[in-house]
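Asks: Test case, fold it:
(chains A and B)
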Amino acid sequence: MPDTNVDDTNAANDMLDNREAKQKRQSFIKGLLAVLPLTIAVIPWGILAGSLALEIGLTATQSQAMSAIIFAGSAQLVALGMIKAGVGLGSILITTLLITSRHLLYAMALRTQISPLPLKWRLGLGFLLTDELFAISNHSQAPARSKPDSLNPQKEKQEGLKTEKQSPESQRHKFDRWYALGGGLTFYIGWNIATLLGIIAGQSIDNLGELGLDFAIAATFIALVVPTVKKPSILICVLVSLTLAVICAVFEIQAGLLIASLSGMGAGFAYAKLSNEHKRMTTDEKAKVNSTGEQS
Amino acid sequence: MTWLIILSMAAVVFISRYLLLEPKLPLKLSDKTLTFLSYSAPAVLTAILAPIVFVPEGQLNLTFDNTYLVCGVVATLLAYFTGNTLLTTVLSIGLFFILF
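Replies: Below is the predicted model of the structure:
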């Protein structure tokens, strides 16, 4: 009976498909779990985005559409502030471009992993690429902090070289599209539900913005920025940006975000250039090697 | 007008996210540009968070009465010493809602 044979191969294929599907599902769920804490942290922020949009005069549909189509919390909130202040479209778009320009960098970092994927994956993961998704995609790849071993700089150098060689490979095979999709989609859905809550609550509660929901933004960003401050130039960048942002806020300068960010970036860049941050670190190592060499 | 703002913002945001994922795009960003861009995340995120923490009601407030500042400092310390995003956000937001 030829029918049974066909059934057998079908069954085998089904089993293979099942195993693959199971792996995909597991990766997806892993991504979902990884982004869950960040999704919870973003709820107050989403509520704020929804309620603030209503308060400024957007319709409920427009308020939800901001989260559904733009899907960029900080750009949305800053734009809402500018719409309220009556700022023109051009300035809103330039500011949006500046706020969102960090995504160029995230895409740059993920380019080797995502650009070989089929178009629908590139478009999908591209649309879902947020600070949070980038954080969880890079989390498992974060290099361990090197422990300086001043007694044996030579050895340290050799080990440094070794890890340098290993890292690109381990980065490549650790990227899992289903993991990223699970994380990205979970965050997208969470953000939109939170916005919806804000729209619903905003219609019944006045001045939701005064409940202090904006602290959630500050807390999330502090948690994302602090671990990136690994070099003096980044510290300079953060301090300059912080100081100017505060000054601009005190004097109610509309372009404050633009001024503070660009100045911070410029200051960090200039400091790194002037102090030869990259080169100096390597010469320091050489100096160490030399001095110990002379002593022994 | 609002729809125009929403749609054009969506375009700007999506392009910034997708552009460098496009394999057909020959990458021609100079090293200098990339180094400059590498400061964009900390600079922009800081410029957004700083006014929330230091200027909560439109006025500079550097006292202990400023719950935003107190909890912001707590969050910074937590992030610095634990490096744990979940712990940092949940504990500092929790503390904020207790104090606020």
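
Asks: doesn't residue B:81 make contact with residue B:88?
Replies: No. Using CB atoms under 8 Å as the test, residue B:88 is too far from residue B:81 to be in contact (9.6 Å). C-beta coordinates here come from the backbone N, C-alpha and C atoms, glycine included.

Asks: okay, the two: which has more neighbours?
Replies: Ranked by neighbour count (other CB atoms under 10 Å in any protein chain shown), residue B:88 and residue B:81 place residue B:88 first, with 28 against 11.

Asks: any idea of the pLDDT on the more buried one?
Replies: Per-residue confidence at residue B:88 stands at 90 (pLDDT).

Asks: how far does the helix or strand containing residue A:52 sit from the chain's center?
Replies: Using DSSP states H and E, residue A:52 sits in helix A:2-56. Centre-to-centre, helix A:2-56 and its host chain are 20 Å apart (CA atoms, centre = their mean, to the nearest Å).

Asks: Let me see the residues that make contact with the next helix or strand after it.
Replies: Heading C-terminal from helix A:2-56, the first helix or strand you meet, by DSSP H and E, is helix A:60-65. Residues from elsewhere that reach helix A:60-65 (CB atoms under 8 Å, 6 or more residues apart in numbering or on different chains): A:49-50, A:53-54, A:192, A:195-196, A:198-199, A:203, B:2-3, B:6.

Asks: I'd like the mean pLDDT over helix A:60-65, please.
Replies: Here the average pLDDT along helix A:60-65 is 96.

Asks: just stretch A:103-111 next, same as before
Replies: Rounded mean pLDDT across stretch A:103-111 is 83.

Asks: Same question for stretch A:134-149.
Replies: On average, stretch A:134-149 scores 51.

Asks: wait, does the worst-scoring helix or strand of chain B on mean pLDDT make contact with chain A?
Replies: Every helix and strand of chain B was ranked by mean pLDDT, DSSP states H and E. The lowest is helix B:31-37, at a mean of 80. Yes. Counting by CB under 8 Å from any CB of the partner chain, chain A has neighbours in helix B:31-37: B:34, B:35, B:36, B:37.

Asks: How about the secondary structure of the residue sitting furthest away from the middle of chain B?
Replies: In chain B, the residue that sits farthest from the middle, by CA atoms, centre = their mean, is residue B:24; the gap is 30.6 Å. Here residue B:24 is coil, with the state taken from DSSP: H, G, I helix; E, B strand; the rest coil.

Asks: So what does the closest residue to residue A:256 other than its chain neighbours have for phi and psi?
Replies: Once flanking residues are discounted, residue A:256 sits nearest to residue A:248: 2.8 Å by CB to CB, 6 or more residues apart in numbering or on different chains. Backbone torsions for residue A:248, taken as degrees, to the nearest 10, come to phi -60, psi -40.

Asks: From the contacts of helix A:60-65, keep the buried residues only.
Replies: Buried members of those, counted by 16 or more other CB atoms under 10 Å in any protein chain shown: A:49, A:50, A:53, A:54, A:192, A:195, A:196, A:198, A:199, B:2, B:6.

Asks: Wait, the residue nearest to residue A:256 touches residue A:262, no?
Replies: No. Residue A:248 is not in contact with residue A:262 according to CB under 8 Å; the separation is 11.9 Å.

Asks: so who does the most centrally placed residue in chain B touch?
Replies: With distances taken as CA atoms, centre = their mean, residue B:45 lies nearest the centre of chain B, 2.6 Å away. Each residue near residue B:45 by CB under 8 Å, 6+ apart is listed here: A:74, A:102, A:131, A:221, A:224, A:225.

Asks: and the residues of helix B:31-37 next to chain A as JSON lines, adding neighbour count and distance to residue A:177?
Replies: Converted to JSON lines, the residues of helix B:31-37 next to chain A look like this (neighbours: other CB atoms under 10 Å in any protein chain shown; distance: CB to CB, whole Å):
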{"residue": "B:34", "neighbour count": "13", "distance to residue A:177": "25"}
{"residue": "B:35", "neighbour count": "18", "distance to residue A:177": "29"}
{"residue": "B:36", "neighbour count": "18", "distance to residue A:177": "30"}
{"residue": "B:37", "neighbour count": "17", "distance to residue A:177": "25"}
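
Asks: Now the element after the lowest-mean-pLDDT helix or strand in chain A, going C-ward?
Replies: The weakest-scoring helix or strand in chain A, judged by mean pLDDT, DSSP H and E, is helix A:153-174 (a mean of 41). Later in the chain than helix A:153-174, the nearest helix or strand by DSSP H and E is helix A:177-204.

Asks: Tell me how far residue B:100 lies from residue B:67.
Replies: Taking CB to CB, to the nearest Å as the measure, residue B:100 falls 5 Å from residue B:67.

Asks: anything in contact with each of these two?
Replies: A:212, A:215.

Asks: Name the residue in those two with the higher neighbour count.
Replies: residue B:67 (19 against 11).

Asks: which residues touch the more buried one?
Replies: Residue B:67 touches A:212, A:215, B:56, B:96, B:99, B:100, counting by CB under 8 Å, 6+ apart.

Asks: Who's the closest spatial neighbour of residue B:8, skipping the chain neighbours?
Replies: residue A:93 (6.0 Å).

Asks: Distance check, the one you found against residue A:99.
Replies: Distance from residue A:93 to residue A:99, by CB to CB: 11 Å.

Asks: do the same with residue A:192
Replies: According to CB to CB, residue A:192 and residue A:99 sit 20 Å apart.

Asks: how about low-confidence regions in the stretch 151-296 of chain A?
Replies: Within the stretch 151-296 of chain A, the segments meeting pLDDT under 70 span A:151-174, A:205-210, A:278-296.

Asks: Ignore what I typed, I meant chain B.
Replies: B:28-29.

Asks: quick one, helices of it?
Replies: B:2-18, B:31-37, B:40-54, B:67-82, B:85-99 (DSSP state H).

Asks: Tabulate those in CSV, adding columns for distance to residue A:20.
Replies: Formatted as CSV, these follow (distance: least, CB to CB, whole Å):
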stretch, distance to residue A:20
helix B:2-18, 28
helix B:31-37, 37
helix B:40-54, 36
helix B:67-82, 37
helix B:85-99, 31
